[in-house]
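> build me a model:
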Amino acid sequence: MILLAIDIQKGITDSRLYNYERFIDNTVKILDSARKNHVEIIYIQHDDGPGSGFSMGDEDFEIAEQVKPEANEKIFCKTINSCFGNAELADYLKKTGEKQLMIVGLQTNFCIDATVKSAFERGYEVIIPEGTNSTFDNDYMDAETTYKYYNDMMWPGRFARCVSLDEAISMLEREPE
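Numbering: from 1, shown residues only. This next block holds a predicted model:
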């Protein structure tokens with residue numbers, strides 16, 4: 001299994017997120033468990049391009065302090081919603097031979113959804129731990145409704161296994177086969 005930590009960047013990691021404190025706490029627990037159990041963590045940062053305020057070199061682009069990567073953890077950048085838009089990352093994941101991806105990060109209805117569906121289409125088993133993705137209110141749904149729409153209705157039984165935090169930690173604790 002590989003853990004993808006997607007777009008948990010300073011410019012969007014704040015109290016505007018649905019269940020912000022729970023999102024941070026649960027994500028930190030997953031990251032800590034992955035590290036303790038030698039599960040590879042790959043960070044992904046979204047780059048909106050120069051002059052956007054959310055690009056390489058901008059403070060908002062940096063990974064949030066609460067989930068900061070360790071020195072040995074890989075970081076890839078992307079410019080579209082799906083992480084698989086980064087060919088280097090897609091090739092790297094393919095070369096590892098891993099067939100399970102655990103996905104955490106931001107935002108539920110943009111980059112997380114696009115990555116979940118892209119991973120599924122590529123034959124990965126996708127695991128989504130409860131409370132480890134989040135989003136903001138939008139013009140059509142509040143953040144809670146958006147979160148529940150994807151985590152409770154859209155992904156389960158179709159594109160991903162949405163599991164409790166405890167189950168996700170148990171999965172990370174299993175001995176490698």
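> all contacts plus neighbour counts: C-alpha atoms, from now on.
Will do.
> the protein: strands as residue ranges?
Along the chain, counting by DSSP state E, strands occupy 2-6, 40-46, 74-78, 100-106, 125-129, 133-134, 161-163.
> what's the separation between Thr96 and Ile30?
According to CA to CA, to the nearest Å, Thr96 and Ile30 sit 21 Å apart.
> more neighbours: the two, which one.
Ile30 (23 against 10; other CA atoms under 10 Å).
> the nearest residue to that one once chain neighbours are set aside - how many residues pack around it?
Distance criterion CA to CA, 6 or more residues apart in numbering; nearest residue to Ile30, sequence neighbours excluded, is Ile169 at 6.4 Å. The number of residues packed near Ile169 is 19, by other CA under 10 Å.
> that older thread, possible to save the strands of the chain as TSV with mean neighbour count and distance to Ile112?
What follows is the strands of the chain, written out as TSV (neighbours: other CA atoms under 10 Å; distance: least, CA to CA, whole Å):
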stretch	mean neighbour count	distance to Ile112
strand 2-6	23	7
strand 40-46	21	11
strand 74-78	16	13
strand 100-106	23	6
strand 125-129	22	10
strand 133-134	29	8
strand 161-163	18	13
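> redo those strands as CSV? Include mean pLDDT and distance to Asn26.
Shown next, in CSV, are the strands of the chain (pLDDT from 0 to 100; distance: least, CA to CA, whole Å):
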stretch, mean pLDDT, distance to Asn26
strand 2-6, 98, 12
strand 40-46, 98, 15
strand 74-78, 98, 21
strand 100-106, 98, 9
strand 125-129, 98, 8
strand 133-134, 98, 9
strand 161-163, 98, 12
